[in-house]
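In: Fold the following, please.
(chains A and B, ligands or ions: 2)
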Amino acid sequence: MQCQVCKKAQAKVHYTQIHDNQVKKVDLCDACAKENGINDPAAFALADLVLGLGASQKIEEVTTTTGAEVACKNCGFTQTDLKKTGRLGCSECYVTFAEALDSLLKNMHKGTRHRGKVPPVARRAMDLEAHIRQLETDLKAAVAREDFESAASLRDAIKTSRQLSPAS
Amino acid sequence: MTPILNFLIPATDACRRTGPHDKIVFSSRVRLARNLKGAPFPGHGRKADRIKAFEQLMPAISGLPQVAPDPYAEAMDKTSAHEKQILVERHLISREHATKGSGSGLVLNREETLSVMVNEEDHLRMQSLLPGLQLDAAWSAIDAVDSALQEQVEFAFHEQFGFLTACPTNLGTGIRVSAMLHLPGLVLAEQINQIIQAVSKLGLAVRGLYGEGTEALGNIFQVSNQQTLGETEQEIVQRLNKVVLQVIEHEENARLSQLEKRPNVLFNQIGRAYGILAHAHTISSKETMNLLSLLRLGVDVGIFPGTPRTVVDELFLLSQPAHLQLGRIEKLDAEQRDGVRAEMLRQRVKSIPTPDHTRVAVRTESI
Ligand SMILES: [Zn+2]
Ligand SMILES: [Zn+2]
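Out: Ligands and ions are numbered 1, 2, ... in the order given. From the prediction side, this is the model:
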């Protein structure tokens, strides 16, 4: 069998996993395995299979720049777990591992920003944020033209809106 | 009969459902992945975490007006391995969910068009499954379930990443849109690999629904989106719909050119398929799927006048291992199963009149 990366040498490293009813396969020659950070076939990271070749290497790069092993405060999932499984531990992990994920998502999806459906709770929070940003812009303009009466009422409006925000 | 077997629509009726373009498109499916905010994902959490999520989600889902009246709602440990396999063969649960036990559950509506898996890889995997090409309708149906559920449950959501899933490959919309296609014409014309490559370039995947690797038993393929983040649900549904319509057109053309250029080859294959299915005493699942595909093609081109396509579709379902096991106390091994399968096929194919190639009338579906 041919190596799926260089398409020249014979593949020596083989991995198969079924995820989402799809068979994911990796067949690599020794050189390409090394190139993609798969040095020890025995400790092969599922991240490469589930998230795409080179994923475990990318995850590792982020870890080494920050030094200590990162773990999710909410569920205890570690960067090593992410590398090993190609999955996350809980919704908070997406905040914890945002940096590592950012580079992975670029190759995986059409974009790195969600454009689809938004839950009502999040929609209200996002609308409120946008509303506050608008008020702040208006406030700056009011101050600039020395309209202190408007500025005072805008300041009050911002204060009231901030109190409604779940983030406060 | 056990609750789930009692609940399920009989195979004959289940296969009798029709939809647009069902000559080539078996079914359309839209699946959404959702998770509870803050709770560990099923794969990482402890059993107690999974049970907590299960106890919160099961009543919320089974009480939804979308799944009324009288949905099936049960824990997976109340379902036997055989029953789980039946559900897999009906495309109502995933293979992965069939491995789950306590802490995992299933909610299914009466029509079997909506199924919600609790604690699969994500806390929720909900799907809408409709016959023929109905991707828009499938999306609307599951979108309504999702919206209704969001009034009771807060899902994990991130402004940039969208809906948060256990695996980043499902992130954002959490949507998987797929259509199951019967493409014997493209396979016979040896054009299928070109189609697969062209479709792959659009960020969609085409693969055999049954069989390993590149093999597609029964010439049945599934087309689905691979990317879930960075586009709206509607954009993904529309793109898939457009691609499926193009594949239908290529399949129609391939059938037409086979009929025009090599009618004898085609009639020979269909006739032999009929002969084997009607007279075999032992037959493997693989051979059965491939022969049934030819029988279905025969029905489509008019070699079996008066025989509805649904008769063949039912045979596809009844040939699957768990369906062959139905009504039998002793567990069949592979060899016995091949015998039972052949017996079932002999009896059923008897009702299909012998192939008559003089009756072939080429009629293409206009799009
Ligand atoms: Zn190589
Ligand atoms: Zn976590």
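In: How is chain A divided into domains?
Out: A:13-42, A:46-108, A:120-164 (automatic domain parsing).
In: what is the rounded mean pLDDT of the longest one?
Out: Predicted confidence along domain A:46-108 averages 82 (mean pLDDT).
In: can you tell me if that domain touches ligand 1.
Out: No. Using Cβ under 5 Å from the ion, domain A:46-108 stays clear of ligand 1, with a minimum separation of 11.0 Å. Every residue, glycine included, has its C-beta placed from N, CA and C.
In: Quick check: which of the domains of chain A is buried the most?
Out: Ranked by mean neighbour count under mean count of other Cβ atoms under 10 Å in any protein chain shown, the domains of chain A are led by domain A:46-108, which reaches a mean of 19.
In: can you tell if that domain touches ligand 2?
Out: Yes. With Cβ under 5 Å from the ion as the criterion, ligand 2 is reached by domain A:46-108 at A:Cys72, A:Asn74, A:Cys75, A:Phe77, A:Gly89, A:Cys90, A:Glu92, A:Cys93.
In: just the strands in the chain please.
Out: Picking chain A for this. A:13-19, A:22-28 (DSSP state E).
In: please go with chain B instead
Out: Going by DSSP E, chain B shows strands at B:25-34, B:72-75, B:105-108, B:114-118, B:124-131, B:157-158, B:162-163, B:175-182, B:204-208, B:220-225.
In: nearest to B:Glu233, of these?
Out: strand B:175-182 (5.4 Å; Cβ to Cβ).
In: residue ranges with poor pLDDT in the stretch 201-350 of chain B?
Out: B:211-214 (pLDDT under 70).
In: Point out the residues in it that sit beside chain A.
Out: Residues of the stretch 201-350 of chain B lying close to chain A (Cβ under 8 Å from any Cβ of the partner chain) are B:Gly203, B:Ala205, B:Arg207, B:Glu212, B:Gly213, B:Gln227, B:Thr228, B:Leu229, B:Gly230, B:Glu231, B:Thr232, B:Glu233.
In: switch the cut-off to 10 Å
Out: B:203, B:205, B:207-209, B:212-213, B:222, B:224-236 (Cβ under 10 Å from any Cβ of the partner chain).
In: which among those end up buried?
Out: B:205, B:207-209, B:222, B:224-231, B:233, B:236 (16 or more other Cβ atoms under 10 Å in any protein chain shown).
In: excluding its backbone neighbours, what's nearest B:Lys350?
Out: Of all residues not flanking B:Lys350 in the chain, B:Ala278 sits nearest, at 6.7 Å (Cβ to Cβ, 6 or more residues apart in numbering or on different chains).
In: ugh, typo on my part, it should be B:Thr2
Out: In space, B:Thr2 is closest to B:Glu83, 6.4 Å off (Cβ to Cβ, 6+ apart).
In: Surely that neighbour touches B:Tyr72?
Out: No. With contact defined as Cβ atoms under 10 Å, B:Glu83 does not count as touching B:Tyr72 (11.2 Å).
In: shared neighbours, the two?
Out: Contact criterion Cβ atoms under 10 Å, 6 or more residues apart in numbering or on different chains; residues shared by B:Glu83 and B:Tyr72: B:Pro3, B:Ile4, B:Leu8.
In: show me the residues around the first one that make contact.
Out: So that's B:Pro3. Contact analysis of B:Pro3 by Cβ under 10 Å, 6+ apart lists B:Tyr72, B:Glu74, B:Lys78, B:Thr79, B:Glu83.
In: These, buried ones only, as a ChimeraX selection?
Out: Selection of buried members from those for ChimeraX, criterion 16+ other Cβ under 10 Å:
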select /B:72,74,79,83
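In: Relative to B:Val145, how far out is B:Met76?
Out: Distance, B:Met76 to B:Val145, by Cβ to Cβ, to the nearest Å: 20 Å.
In: which helix of chain B spans the most residues?
Out: Longest helix in chain B by number of residues (criterion: DSSP state H): helix B:233-261.
In: could you give the angle of that helix to strand B:25-34?
Out: On the basis of axes from the mean of the first three to the mean of the last three Cα atoms, to 10 degrees, helix B:233-261 is oriented at 160 degrees to strand B:25-34.
In: Okay, angle between helix B:233-261 and strand B:175-182 too, please.
Out: Using the same axes, to 10 degrees: helix B:233-261 against strand B:175-182 is 10 degrees.
In: so who does the residue lying closest to A:Val95 once chain neighbours are set aside touch?
Out: With sequence-adjacent residues excluded and distances taken as Cβ to Cβ, 6+ apart, A:Val95 is closest to B:His158, at 7.6 Å. Contacts here follow Cβ under 10 Å, 6+ apart; on that basis B:His158 touches A:Ser91, A:Glu92, A:Tyr94, A:Val95, A:Ala98, A:His114, A:Ala122, B:Leu164, B:Leu171, B:Gly172.
In: Equivalent analysis for B:Gly275, please.
Out: Contacts of B:Gly275 by Cβ under 10 Å, 6+ apart are B:Leu291, B:Val349, B:Thr354, B:Pro355.
In: still on that earlier bit, now the domains of chain A in CSV, with distance to B:Glu112?
Out: Shown next, in CSV, are the domains of chain A (distance: least, Cβ to Cβ, whole Å):
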stretch, distance to B:Glu112
domain A:13-42, 18
domain A:46-108, 30
domain A:120-164, 29
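In: Of all those domains, which one comes closest to B:Ser27?
Out: Across the domains of chain A, closest to B:Ser27 is domain A:13-42 (Cβ to Cβ), at 14.3 Å.
In: Check whether the closest one comes near chain B.
Out: Yes. Residues of domain A:13-42 contacting chain B under Cβ under 10 Å from any Cβ: A:Thr16, A:Ile18, A:His19, A:Asp20, A:Asn21, A:Gln22, A:Val23, A:Lys24, A:Lys25.
In: Nearest to ligand 2 among the contacts of B:Gly275?
Out: Set against ligand 2, the nearest of the contacts of B:Gly275 by Cβ to the ion is B:Leu291 (50.1 Å).
In: show me what contacts the nearest residue to the closest one once chain neighbours are set aside?
Out: Of all residues not flanking B:Leu291 in the chain, B:Ala273 sits nearest, at 4.1 Å (Cβ to Cβ, 6+ apart). Counting by Cβ under 10 Å, 6+ apart, B:Ala273 touches B:287-288, B:290-298, B:349, B:355.
In: picking that back up, could the strands of chain A go into TSV alongside mean pLDDT and distance to ligand 2?
Out: Formatted as TSV, those follow (pLDDT from 0 to 100; distance: least, Cβ to the ion, whole Å):
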stretch	mean pLDDT	distance to ligand 2
strand A:13-19	75	20
strand A:22-28	77	24
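In: what about A:Lys8, how many residues close to it?
Out: Residues near A:Lys8, counting by other Cβ atoms under 10 Å in any protein chain shown, number 10.
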